[in-house]
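**Student:** One predicted model, sequence on top.
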Amino acid sequence: MNDIWTRLASCRAAQEDLRISDLFDANPARAEVFCTSADGLVFDWSKTTIDDTARDLLLDLAEAAGVEARRDAMFSGARINETENRAVLHTALRNLSGSVTLDGQDVMPKVRETFDRMAAFAGALRDGSYAGQGGKITDVVNIGIGGSDLGPYMAALALAPYHDGPRTHFVSNVDGADIADTLRGLNPETTLVIVASKTFTTIETMTNARTARDWMAGSVTDPAAQFVALSSAVDKTSEFGIDSSRVFGFEDWVGGRYSVWGPIGLSVMLAVGADDFSDFLAGGAAMDAHFRQAPLAQSLPVLLALTGIWHHQVCGYPTRAVLPYDNRLLRLPAYLQQLEMESNGKRVAMDGSDLEIDSGPVVWGEPGTNGQHAFYQLIHQGTTPVPCEFILAARGHEPELEHHHILLAANCLAQSEALMRGRDLEEARKLMAAKGLTGAELDRQARHRVFPGNRPSTTLLIPQLTPFALGQIIALYEHRVFVEGVILGLNSYDQWGVELGKELALQVEPLLSGGMGDDHDPSTRHLARLFRELRYQA
Ligand SMILES: O=P(O)(O)OC[C@H]1O[C@](O)(CO)[C@@H](O)[C@@H]1O
């Protein structure tokens, strides 16, 4: 592999004066050749500096890393999460007719049974046969954090046009403002609280769950009857007092950030119904089938991963932006931040050695067109290129507002064109001359109006943001993370990097109420003292 990395570096070095537009001149079919589709999803990666040589080397890299063998190992239930000795089988949650054996046992009967229980509960809640102590459930509050919040929250917003169940709310932050603002205005007698936590020990979630239970107990005689638990620690859910009929469990082979497909997605199922939720699963399963069957050169997850590797590890661009031109994908960037950065933000390889190459990039983003009026200035004219990943649906859900959708789409395509094309000094000078400027002032003003261009982007085009398409998109990004992780040689499925801060928070807490805390550094002790002083000032 080292040899391929070296050749990739040389290939990039040889591109010093290359402009993406030159690649289109050299190959009139580039727009079609560097555009790959699967099951209605179109991935355009032509507006990048990946030329034929780079593409072939990147594909060699995927092959040399053993992506296909590792992929097959994942789907077959091998314990590829080696630092936690766990299988990685979230894909089983979306392929209900499949069969997967783990330690000699078929895991699917339990998965199907849990799905059926979820669907029955969702049906009962939606038709009112399961009700709160004040009548039909009107509001559902999902309490969770990280993967127990970001996935369902993102999906519930994305599927708003399909939402015909109770209102859904999401509380994640331990900041009391989050739960206070959410519960204010809700009726405890018609509210269902979902405690979503894989471990059922996460301090933020358990603190919020207890606060919600106290809130409920102020109004109803049996608060626990309006609580549901989603967890892989089923024993802990009974300690909390939730009846086993409203506990939906899952196994440790479902990672937190990969868990929206199972019980953690219950809030989404309550909102849109079991049929639409099944379509979401079907979209994920269709992407799984594509990933397993398509050759590397035709595989959307592989190509998305390889553009990521090219931009970050080869070109050295430190971040990438995810820019959905779809307001309902508002939480997709936040969701992908956890998916990508918690999975691939690591400095040690699977075998315990230091990673010899940069791990995953910083991921960030915001829906267009809002981002255009905020940070696109930097994307167009800042000194560091930001590879942009545009996402666009051909159809919206508001036929009466079609002109909005056309404008939205025009902006999306215009941005990727502008990023690639740029505007040179000569053109900028002409613009300034047309405004009547001359001499040094013309030069000065023109320079500010130059766009360097040659900035890479990809575009994912979907027919419409349906439950099926959302499932495809999420599974696509999950597998992209997997492929990048295999190429980098790290374990995408653990998250040891979140532990130290959690441990120290428990030790800092007494310091804030006046404890000695000699174990802490001078700055932390000083800040804690200032915090106490400010807190107790009148
Ligand atoms: O579902 P749990 O166990 O409450 O964990 C929540 C989140 O905390 C983490 O473990 C670390 O922040 C995430 O991986 C996970 O999604």
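**Tutor:** Received it, and whenever you're ready, just let me know what you need.

**Student:** how much space between the residue of the chain most remote from its centre and the ligand?
**Tutor:** Within the chain, G439 marks the point farthest from the mean C-alpha position, 50.4 Å out by Cα atoms, centre = their mean. To the ligand, G439 is 59 Å away according to Cβ to the nearest ligand atom, to the nearest Å. C-beta here means a position set from N, CA and C on the backbone, and glycine is covered the same way.

**Student:** What does the pLDDT read for that residue?
**Tutor:** G439 is assigned a pLDDT of 97 by the prediction.

**Student:** That one and H520, how far apart?
**Tutor:** 62 Å (Cβ to Cβ, to the nearest Å).

**Student:** cool, and H479?
**Tutor:** In terms of Cβ to Cβ, H479 sits 42 Å off from H520.

**Student:** So between these two, which is more surrounded?
**Tutor:** H479 (25 against 17; other Cβ atoms under 10 Å).

**Student:** Test my guess that that one contacts M287.
**Tutor:** Yes. Counting by Cβ atoms under 8 Å, M287 is a contact partner of H479 at 6.9 Å.

**Student:** shared neighbours, those two?
**Tutor:** P301 (Cβ atoms under 8 Å, 6 or more residues apart in numbering).

**Student:** do you know how far the closest residue to A38 other than its chain neighbours is from the ligand?
**Tutor:** With sequence-adjacent residues excluded and distances taken as Cβ to Cβ, 6 or more residues apart in numbering, A38 is closest to H290, at 4.5 Å. Per Cβ to the nearest ligand atom, H290 is found 26 Å from the ligand.

**Student:** what's H290 in contact with, if anything?
**Tutor:** Counted by Cβ under 8 Å, 6+ apart, H290 has contacts 38-39, 299-300.

**Student:** Out of the residues you listed, give me the one that has the most neighbours.
**Tutor:** Going by other Cβ under 10 Å, S299 tops these with 27 neighbours.

**Student:** ok, that residue to the ligand distance?
**Tutor:** Look at S299 and the ligand: by Cβ to the nearest ligand atom, they are 27 Å apart.

**Student:** For that residue, give me the pLDDT.
**Tutor:** 98.

**Student:** give me every residue that touches it.
**Tutor:** With Cβ under 8 Å, 6+ apart, S299 has these contacts: 38, 290-291.

**Student:** Just the residues you listed: which are in strands?
**Tutor:** A38 (DSSP state E).

**Student:** Let me know the closest of the contacts of S299 to G104.
**Tutor:** Checking the contacts of S299 against G104 by Cβ to Cβ gives F291 as the nearest, at 26.0 Å.

**Student:** hang on, the closest one packs against E68?
**Tutor:** No. When contacts are counted by Cβ under 8 Å, F291 is not listed as touching E68 (10.0 Å).

**Student:** Between those two, which has more neighbouring residues?
**Tutor:** F291 (25 against 16).

**Student:** do you know how far that one is from P324?
**Tutor:** Counting by Cβ to Cβ - F291 and P324 are separated by 21 Å.

**Student:** A410 too?
**Tutor:** A410 is 16 Å from P324, by Cβ to Cβ.

**Student:** between the two, which one's more packed in?
**Tutor:** P324 (27 against 12).

**Student:** secondary structure class for the more buried one?
**Tutor:** Three-state call for P324 (DSSP: H, G, I helix; E, B strand; the rest coil): strand.

**Student:** in the sheet, who's paired with it?
**Tutor:** Beta-bridge pairing for P324 (DSSP bridges): I391.

**Student:** Quick one: residues contacting it.
**Tutor:** Here P324 is in contact with 332-333, 365, 367-368, 390-392 (Cβ under 8 Å, 6+ apart).

**Student:** Where is pLDDT lowest across those residues?
**Tutor:** Among the contacts of P324, G368 has the weakest pLDDT, 94.

**Student:** What distance do you get for the closest residue to that residue other than its chain neighbours to G453?
**Tutor:** Spatial nearest neighbour of G368, chain neighbours left out: Y325 (4.3 Å); criterion: Cβ to Cβ, 6+ apart. Separation of Y325 from G453 (Cβ to Cβ) stands at 20 Å.

**Student:** Pick out whichever of the two has more residues nearby.
**Tutor:** Y325 (23 against 17).

**Student:** That one reaches L407, doesn't it?
**Tutor:** No. The pair Y325 / L407 is not scored as a contact, 10.2 Å apart, by Cβ under 8 Å.

**Student:** Now do the residue of the stretch 301-450 of the chain found nearest the ligand against L506, distance only.
**Tutor:** With Cβ to the nearest ligand atom, the shortest gap between the stretch 301-450 of the chain and the ligand falls at E342, namely 5.8 Å. Using Cβ to Cβ, E342 is found at 21 Å from L506.

**Student:** okay, these two: which has more neighbours?
**Tutor:** Between E342 and L506, counting by other Cβ under 10 Å, E342 is the more crowded of the two (22 against 9).

**Student:** In this structure, where is pLDDT below threshold?
**Tutor:** Residue ranges of the chain with pLDDT under 70: 538.

**Student:** For it, which segments count as strands?
**Tutor:** 35-38, 41-44, 101-102, 105-106, 139-143, 167-171, 191-196, 227-231, 247-249, 319-325, 362-365, 388-395, 457-464.
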